[in-house]
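Colleague: Predicted model, plus sequence, below.
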Amino acid sequence: MRIYSFLLCLFLSNALFGQTYQREYDIPVIQNSITLANPWAGGLNSCQVSRIDVNLDGKKDLFVFDRIGSRISIYLNMDDTPGVMNYQYTREYNHLFPTNLRNWVLLRDMNCDGKEDICGNTGSGFRIYWNLSDTQLEFSAPTTTVQAYYDFGSNPFTNTVYCIAPDIPAIHDYDGDGDMDFYSWNEYSTSLYFYKNMAVENGDCTTPNFICRNRCYGRFGESSESFSLAIGDAFTCDFNVVNPRAESAGPMRHTGGTLLAIDLDQDGMRDIVIGDVTENYLAALMIDETESTIDSTTFVHYDFPATFQNTIPATLRTFPAPFYEDVNNDGVGDLLVGVNTFTDGEDRQSLLLYINNGQDDLPEFSFVQNDFLQEGQIDLGISAYPVVFDVDQDGLNDLLLPNRKFFEFGNNFTSRIWYYRNTGTTASPQFTLANDNWMNIPLLEWQNVYPTFGDLDGDGDDDMIIGNLEGELYYFSNTAPSDAPSNFVMALSPMVDDDGSLLDVGQSVTPQIIDMDDDGLKDLVIGELNGNVNYYKNTGTLNSYEFTHMADTLGGVVATSLLGIQGKCVPFFFRNSNNELELLLGTETGQINHYNNISGNLNGTFNLVTEDFENINEGERSAVFLADLNGDNLKDLLVGNVGGGLGIYMHNPTDLSEIHLSENLKIYPNPAHGFFRVEMPESMPLPAQVDLFDCTGRLIAQHTITTKQAMVPCNELAAGTYIVRLKSGPFSASAPLLVK
C-alpha cells in the first residue's frame, strides 16, 4: 500500500507541476473598510439558485447558475448552525458538473434517492443528469428530452414536457407523494401547463412519468400585453392547443415567465408566484380547491412578498425570478429573487434575499439585502477586464478593473474603471478600493472601455491609451513628475494613424502597448469584437509616436467564439524566459487561446499551442492579464469574465522542468514522524529553502536552513506522501517523503 501511495503521489505531483497556475482565493480585498468574504468569486448577474452537497460533507451548499454566460458558481456551506450564513466560494468542483448547461438549471431529486439531480433546459423542454455520487460528486450523461403523455379527449400522444428557454419552470412535489411534478408556461406565456408525475403511483420512483393533467392550471389567464391577470368568471381558457409547437397554435405573444410553487397559507395547496418579462415585480396567485374541485386562483397579491409579514415587495428593473431555498440552515425555505434576463437588468444588486421567520407552508418573510453573495465579492456588473498598473508609483502593482457596462437606476448604462490600490507588500498583495470611478468614464458616456499603458513620449513615465465600444482610441499623456502618482490628461480628439485617418479598427477595441519588433519603440496591438488582432507599428521616434497599420489579422489569430461570428478578443502579448513573444487571448467562449512562434514572424502565421490554456475557463467573455503580484519574478494570471468579476491564478513556484528527483538529496528517517533531517549536496550554497508539497501540488510548508544538515519539523503534517524540494539560487533538488 505504501508503494502504491508513493507512486500515486509522484504521478499526481508530476501532473500538477506540469500545470503552471493555481487558483488563488485568499488575497484580501477591502471595500468601504470591509474585507470581502469571497473577493475572487467572479461576479453574478442573472442568478438561479439551488442547493446540493457538492463535497459530501453532509451540509447543503449553494449552486448558482447564471443565465448570462452559462456560469456555475459553487458556495460551500462552512457552518450549518441554524440561523448562520457562511458560504465560501470555490471552483474545485466545477469540473464535476456538465459543461453544456444553458438557459435554466434547477437541481431537484427526480428519482427519490435523496440526491439532487440536474434538470437543464434543452430546446423547448429539459433533460436530466442523474446524480451518481458515492465517494465524490458525479453526474450521468444527460437523458433524452423528458416526455409527457397528453390526452385532450381525442388522439392521445406523447411529446416533450414543454418549457421554452426564456422561462423558468417550477419543479415541486405538488401532492406530497414523494415525486417531483412540473409547472410551466404555455406557448403564449399566458397560462400554465401542469404535469403530474405518476412515478410513485406506478410503483417506480426511479424514473419520472409525466402526464399533462391541465393546460390552464390555477384557472387564471395573463394578458398578452401586460401583467394583469384574469381569474374567476373573468377567466376563459381559449389558448388550449393539442401540440404547443404546432403552427395552428396561432401567433406567439409576449414570451417569458418565471414560476415558483409554494404553500403560502398552510391550506395544503401550493400557491403560484410568477414573474413576467415585461414587469419588475412578482405576483402571488392564491390557489384554492373550489366547489368544482378544480385548483383555482381566488386572489392575487401583486406586491409579493410584501403582504407576508409586512415586508417590502421584490422589485427589480425587469423580469424577476423567485427561488425557495433554505440558506440560513434553519430547515425552512427562504425566498431569493434573481433577474431572468440576458440584458438590461440589475447586474450588481441582482439577488434579493428574504429570510423566512415562519414555516415552510406559512412563511413570514423579512427582507435582508438586494446583493446576497454579491456583497462579498468584486462585482462590476457586466464583464470585467483586469489591468495591472502602478497608479501611485509606490512600487506596488495596483489593479484597474474596467467593465463593459453596469446598471444604475436613473442613469444610462455606462462603463467605469475601479481602482484597487495595493495596500499590501511586494510579497503579500492586498487590494483596497480607492476609487470606483477612476478617470470619470461616465462623463464621457463610453461603454466597454479598456486601458493600456506605456511610455509613448519618451519622458520616462507610462502614458495611457483607452479604447471603447465605438472603436475609438484616446491618448492620455502622463504629466506627473518622475516617480509621482500618475496624472493623465486626455487628448481632445481620438487617435489617428500616420496618414491622419481615424485609428478605428472595429467595435469594443482592447489595445495593448508593447514593442512587437524589438526596435525599441512601443507598438500598438488591438483586439476587437470580431475576434481578430490588429497591428500598428510605431514608425515615429522615442519622443513622438506615429502608428502605421501593418495587419488587421495579425498572425492569423482569431479568438474562439460561440457562433463563429464574434470572438470578442482581449489580447495579451508577453515575453517568456527566452525573451520570445507569446500571446494569451481572452475570448467570447471563455477559453484562453495560447499562441507562440511570434518573434520574427510578424508577417507569418502564429502557432496555436492550445485553445484552452491550462484548462482555465472563468466564464464567457474572458479577459486576461499577466503580472507579478507577489514579487517572485513569475507572471501571475488574472482572468475577468462576463459576470463582472475575476479570478487570480498564481504562478506555481516551480514547474515540471524545474523539479527533479535527486539521489544527492538525502532525507531521513523516511518514513518520518515528527521531524526529518535534510542532508544537502555539497555543491548547493547556503542558505537554502526547503519546500514541502502535498499530492495535489499545494505548497504546504516552507523552511530556511543554514547548515548542510538540518532538522525540519513535520509534526503538523497529516500522514501521507509529500515532495520535499531543496532550492538555493539556481540549484534545485527534490525527493519524496512519507510521513507516518
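Modeller: Okay, I see it. In this text, all values refer to a predicted model and were calculated from it rather than measured experimentally.
Colleague: for the stretch 151-300 of the chain, what spans make up the strands?
Modeller: Assigned by DSSP state E, counting those that start in this stretch, the stretch 151-300 of the chain shows strands spanning 157-160, 170-172, 181-185, 192-197, 210-214, 220-222, 229-231, 257-262, 271-276, 282-289, 295-304.
Colleague: Ok, which of the ones you listed comes nearest residue 531?
Modeller: Of all the strands of the stretch 151-300 of the chain, strand 257-262 sits nearest to residue 531, with 33.6 Å by Cβ to Cβ. Where you see a C-beta, it was placed from the backbone N, CA and C, and this is true even at glycine.
Colleague: which residues of the stretch 301-450 of the chain fall in helices?
Modeller: Using DSSP state H, counting those that start in this stretch, the helices found in the stretch 301-450 of the chain span residues 441-444.
Colleague: er, the chain actually
Modeller: Remark: helices assigned in the chain by DSSP state H are 2-17, 441-444.
Colleague: Apart from its neighbours in sequence, what residue is nearest residue 706?
Modeller: Ranked by Cβ to Cβ, 6 or more residues apart in numbering and with sequence neighbours excluded, the top spatial neighbour of residue 706 is residue 687, at 4.8 Å.
Colleague: Ok, residue 437 next?
Modeller: Excluding the flanking residues, the one nearest residue 437 by Cβ to Cβ, 6+ apart is residue 416, at 5.4 Å.
Colleague: And residue 96, by the same measure?
Modeller: Counting by Cβ to Cβ, 6+ apart, the residue nearest residue 96 is residue 137, at 4.6 Å.
Colleague: count of residues packed around the one you found?
Modeller: 19 (other Cβ atoms under 10 Å).
Colleague: show me what contacts it?
Modeller: By Cβ atoms under 8 Å, 6 or more residues apart in numbering, the residues touching residue 137 are 54, 55, 56, 93, 96, 131.
Colleague: for those residues, which one is nearest residue 435?
Modeller: Lowest distance from residue 435 to the contacts of residue 137 (Cβ to Cβ) belongs to residue 93, with 35.5 Å.
Colleague: burial measure for that closest one, as a count.
Modeller: By other Cβ under 10 Å, the residues close to residue 93 number 17.
Colleague: now the one 4 residues further on
Modeller: Residue 97 is flanked by 18 other residues according to other Cβ under 10 Å.
Colleague: Residue 668 against residue 677, yeah?
Modeller: Yes: here residue 668 reaches residue 677: they are 5.6 Å apart, a contact under Cβ atoms under 8 Å.
Colleague: Look at these two and report which has more neighbours.
Modeller: More crowded of residue 668 and residue 677, by other Cβ under 10 Å: residue 677, with 14 against 11.
Colleague: Apart from its chain neighbours, what residue comes closest to residue 286?
Modeller: Nearest to residue 286 is residue 299, by Cβ to Cβ, 6+ apart, at 4.5 Å.
Colleague: who touches that neighbour in this structure?
Modeller: Residue 299 neighbours (Cβ under 8 Å, 6+ apart): 231, 285, 286.
Colleague: is it true that the last one touches residue 298?
Modeller: Yes: under the contact definition of Cβ under 8 Å, residue 286 touches residue 298, with a separation of 5.5 Å.
Colleague: thinking again about what came up before, out of the strands of the stretch 151-300 of the chain, nearest to residue 446?
Modeller: Smallest distance to residue 446 across the strands of the stretch 151-300 of the chain (Cβ to Cβ): 32.6 Å, for strand 271-276.
Colleague: least reliable of the helices of the chain going by mean pLDDT?
Modeller: Note on the helices of the chain: lowest mean pLDDT is at helix 2-17, with a mean of 42.
Colleague: What about residue 604, how many residues nearby?
Modeller: Neighbour count of residue 604, defined by other Cβ under 10 Å: 11.
Colleague: Leaving out sequence neighbours, find the closest residue to it.
Modeller: residue 555 (7.1 Å).
Colleague: in the stretch 601-740 of the chain, which spans are strands?
Modeller: Listed in chain order, the strands of the stretch 601-740 of the chain (DSSP E, counting those that start in this stretch) span 607-610, 623-627, 636-640, 646-651, 666-668, 675-679, 688-693, 699-705, 709-713, 720-728, 731-739.
Colleague: quick one, which of those strands is packed in tightest?
Modeller: Among those, the stretch with the highest mean neighbour count (mean count of other Cβ atoms under 10 Å) is strand 636-640, at a mean of 26.
Colleague: and that strand, what does it pack onto?
Modeller: The helices and strands touching strand 636-640, judged by 3 or more Cβ pairs under 8 Å, 6 or more residues apart in numbering; DSSP states H and E, are strand 21-24, strand 581-586, strand 623-627, strand 646-651.
Colleague: Please verify my assumption that residue 735 contacts residue 721.
Modeller: No: using Cβ under 8 Å, residue 735 makes no contact with residue 721, being 11.4 Å away.
Colleague: For the stretch 351-500 of the chain, give me the ranges with low pLDDT.
Modeller: 409-411 (pLDDT under 70).
Colleague: Please repeat the previous calculation with a cut-off of 80.
Modeller: For the stretch 351-500 of the chain, the stretches flagged by pLDDT under 80 are 406-413, 482.
Colleague: do the stretch 551-700 of the chain as well
Modeller: Scanning the stretch 551-700 of the chain for pLDDT under 80 picks out the ranges 652-665, 680-684, 694-699.
Colleague: go again using 50 as the cut-off
Modeller: Residues of the stretch 551-700 of the chain meeting the criterion pLDDT under 50: 655-660.
Colleague: same thing with the stretch 151-300 of the chain?
Modeller: 239-254.
Colleague: circling back: mind listing what the residue nearest to residue 437 touches?
Modeller: Here residue 416 is in contact with 380, 402, 403, 406, 436, 437, 438, 441, 442 (Cβ under 8 Å, 6+ apart).
Colleague: what number of residues lie near the second one?
Modeller: This points to residue 402. Neighbour count of residue 402, defined by other Cβ under 10 Å: 28.
Colleague: Surely it and residue 389 touch.
Modeller: No: using Cβ under 8 Å, residue 402 is not in contact with residue 389, being 11.6 Å away.
Colleague: From residue 463, how far out is the closest residue to residue 111 other than its chain neighbours?
Modeller: Once flanking residues are discounted, residue 111 sits nearest to residue 206: 4.7 Å by Cβ to Cβ, 6+ apart. Separation of residue 206 from residue 463 (Cβ to Cβ, to the nearest Å) stands at 66 Å.
Colleague: So for the two, which residue has more residues nearby?
Modeller: Relative neighbour count places residue 463 above the other of residue 206 and residue 463, with 22 against 10, counting by other Cβ under 10 Å.
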